[in-house]
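Participant: can't give you the sequence, but here's the structure:
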């Protein structure tokens, strides 16, 4: 089936619509001007040309003569607070994990592994994975971080 958003297909539809509108417009204008003489057609054509020319010239004139219609406010750029030195020091402080916190994480990881191994508790493990997508990866990262920074 042909995709309706394809450019050639859309161009074809637009072209058909434009041709239909053009032919309807030509038929209507032909019926309106069929009873007029050549001289009155020329006068109408000149009138239309002068009118459209005057409108175009006035649009150009008012666009230049109107001045600036909208003022653009320029706001100075400011540095975020985090750039100053005190904030950098606070960010770069090493994270300390206590032995008690590490034991909690270790207990949860063993609980998670037991859930994963047991077929009856697999549903609970999957629900933990779905409801907290980054939790298990974060716990493994914290465990590795703790082991690399603490000498046992």
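Facilitator: Cool, got the structure. Just so you know, these numbers come straight off a predicted model, no measurement behind them.

Participant: low pLDDT regions in the chain?
Facilitator: Low-confidence segments of the chain, defined by pLDDT under 70: 1-7, 67-71, 79-95, 150-152.

Participant: Mark out where each domain of it begins and ends.
Facilitator: The record's domain parsing of the chain by automatic domain parsing lists 7-65, 81-149.

Participant: Pick the most deeply packed of the ones you listed.
Facilitator: Stretch with highest mean neighbour count among those: domain 81-149 (a mean of 11; mean count of other C-beta atoms under 10 Å). Backbone N, C-alpha and C define where each C-beta goes, glycine included.

Participant: re earlier: how about the domains of the chain in CSV, adding distance to residue 73?
Facilitator: Compiled in CSV, those are given as follows (distance: least, C-beta to C-beta, whole Å):
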stretch, distance to residue 73
domain 7-65, 23
domain 81-149, 23
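
Participant: To residue 74, which of those lies closest?
Facilitator: For residue 74, the closest of these is domain 81-149, at 21.8 Å, according to C-beta to C-beta.

Participant: How far does the closest one sit from its chain's centre?
Facilitator: Here domain 81-149 is found 33 Å from its chain centre; the criterion is C-alpha atoms, centre = their mean, to the nearest Å.

Participant: Same question for stretch 19-35.
Facilitator: Using C-alpha atoms, centre = their mean, the mean C-alpha position of stretch 19-35 is found 44 Å from that of the whole chain.

Participant: Much appreciated, bye for now.
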